[in-house]
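>>> Would you be able to build a 3D model of this:
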Amino acid sequence: MSERRLVMVPGPINFEPSVLREMAVEGLDHTSSEFVDAFAESLAMLRKVVNATDGYQPIVIAGSGTLAMEASVTNFLKKDSKVLIVSNGYFGDRFAELLSRYPVHVDMIKPEVLGDAVSPEKIIAAVEKESYDLVTLTHVDTSTAVLQPVREVGKALRNKDTLLVVDGVCSVGGEEIHIVEDGIDVLFTGSQKALGVPPGLAILWLSPKALEKLKNVSNNLSPYYTDLRKWVDVMRSYESRKPSYFGTPAVNLIVALKKSLELILKEGLDRRFTRHKQISEAFREGVKALGLQLLPKEENVAHTVTAVKLPPNVDLTSFVSSVRGMGVLIARGLLKEVNYFRVGHMGSVNANDIIATVAAIERALYKHGYNFKFGDGLAKTQEVLFKYGF
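The predicted structure follows:
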């Protein structure tokens, strides 16, 4: 059997060969002019990816998206601070798990039905009733593939002292984000999903409002390594073309990030986001044509990942193993109460990748005795792709 694998899990994704080649450069001195220029250019491009103005500060730290999540909240909290968590799944709940280790007060809002997003009106009503230091949203929860509306909440918080923190791990680079118009104060992601860089970079953006609060919150709860006040100084130094040090930067990953951001901006953000929408529609329509149901409601679907329910008589572990045995890597669902699998379609995923994935899903379903007409999923997927000119 061939060792070739098509990676269709929701991160880490398939990476562009040119990005991987950048990681193979000889070790760079983090104070060298070559690296300083690469880091400065990467920070400038990170602003463009989320439509940020110069007043917004991007930060890149060696670490995972979980590190970025912890930094995104602890830097703005002190003892007895209040946080409102909006959760649509496993990663929204993770905010609560994280904050349970700190002396803060937490309220949580969840949708009444799994697969729904929480309505902006419900969130706004909560912040009008109670004074919160932070409101956290998960833009796309990787566990449920639910896309959470952000802008209405951001507008409601714009003139309040409350900061809006958005988990963009499964959205940045694949979903439209206008950080200024959306009213996002703290946005974070990891490198390994739609930004198209191997795991290892924790990336954040801070608004002017967040930067001011960061400066004025004394005795915050941040651990030493994730003290963003120190990292802001480092980033500003690199952007001024002067090397700086707090912790050693992941030099090879950062030069790979520069290459990936160049590819993203060369494609064009509008074109990139449209491609993600069209590719994801083709996949969703293909699996629906097989009689399968989506976990998220139609109005809340993400364009970077899809969660698909399996029939009760199809064993999840065996099904995922069958698809993987055909050379296509898909992911199990993270929530135990639902029998479902997840497929990522972000970054450089193309039409042929989607076709191959639907074909493998069809064969695995047939192998597990599911009753459907062979080819219906593929036909619908190709119909949608053809409609969009793929």
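
>>> Tell me where the stretch 201-350 of the chain has strands.
Using DSSP state E, counting those that start in this stretch, the strands of the stretch 201-350 of the chain run over 201-206, 305-309, 328-329, 331-332, 340-344.

>>> highest average neighbour count across the ones you listed?
Mean neighbour count (mean count of other C-beta atoms under 10 Å) peaks for strand 201-206 among the strands of the stretch 201-350 of the chain, with a mean of 27. For every residue, glycine as well, the C-beta is placed using N, CA and C.

>>> can you dump the C-alpha coordinates of that strand into CSV?
Extracted in CSV, the C-alpha atoms of strand 201-206 (Å, rounded to 0.1, in the frame of the first residue of the first chain):
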residue,chain,number,x,y,z
LEU,A,201,3.5,29.3,16.7
ALA,A,202,1.0,31.0,19.0
ILE,A,203,-0.2,34.1,17.3
LEU,A,204,-2.3,37.0,18.8
TRP,A,205,-3.5,40.4,17.8
LEU,A,206,-4.3,43.1,20.3
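
>>> Including mean pLDDT, could the strands of the stretch 201-350 of the chain go into CSV?
Listed next are those as CSV, based on pLDDT from 0 to 100:
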stretch, mean pLDDT
strand 201-206, 99
strand 305-309, 99
strand 328-329, 98
strand 331-332, 98
strand 340-344, 99
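
>>> Can you tell me what sits against stretch 18-34?
35, 196-198, 241, 243, 245, 248-249, 251-253, 255-256, 258-260, 263 (C-beta atoms under 8 Å, 6 or more residues apart in numbering).

>>> what about it, average pLDDT?
Mean pLDDT, stretch 18-34: 91.

>>> mind checking how far that stretch is from the chain centre?
Offset of stretch 18-34 from its chain centre (C-alpha atoms, centre = their mean, to the nearest Å): 25 Å.

>>> Buried residues, it. List them.
Residues of stretch 18-34 classed as buried: 19, 22-23, 28, 30 (neighbour count, 16 or more other C-beta atoms under 10 Å).

>>> Can you spell out the domain ranges of the protein, please?
Domain assignment for the chain by automatic domain parsing gives 6-11+269-387, 17-266.

>>> Let's see the distance spanning the shortest one from one end to the other.
In other words, domain 6-11+269-387. 24 Å (C-alpha to C-alpha, to the nearest Å).

>>> which residues touch residue 334?
So residue 334 contacts 89-90, 142-143, 342 (C-beta under 8 Å, 6+ apart).

>>> should've said residue 306
Residue 306 touches 145, 280, 283-284, 287, 294, 342-343, 345, counting by C-beta under 8 Å, 6+ apart.

>>> Top of the residues you listed by number of neighbours, please.
residue 145 (31 neighbours; other C-beta atoms under 10 Å).

>>> Counting by contacts, list what the helix ranked longest in the chain packs against.
Secondary structure of the chain per DSSP state H: the longest helix is helix 269-289. Packing contacts for helix 269-289, counted by 3 or more C-beta pairs under 8 Å, 6 or more residues apart in numbering; DSSP states H and E, involve strand 305-309, helix 351-367, helix 376-387.

>>> Just say which of those is most tucked in.
Ranked by mean neighbours (mean count of other C-beta under 10 Å), the helices and strands packed on helix 269-289 are led by strand 305-309, with a mean of 25.

>>> And the residue most central in space within the chain, how far from residue 255?
In the chain, the residue lying closest to the centroid (C-alpha atoms, centre = their mean) is residue 170, at 1.7 Å. For residue 170, the distance to residue 255 equals 24 Å [C-beta to C-beta, to the nearest Å].

>>> Repeat that for residue 104.
38 Å.

>>> For residue 147, see how far away the residue nearest to residue 281 when sequence neighbours are not counted is.
In space, and not counting its chain neighbours, residue 281 is closest to residue 384: 5.7 Å by C-beta to C-beta, 6 or more residues apart in numbering. Using C-beta to C-beta, we find residue 384 at a distance of 19 Å from residue 147.

>>> Ok, residue 97 next?
Distance of residue 97 to residue 147, computed by C-beta to C-beta: 22 Å.

>>> Likewise for residue 60?
Residue 60 sits 25 Å away from residue 147, going by C-beta to C-beta.
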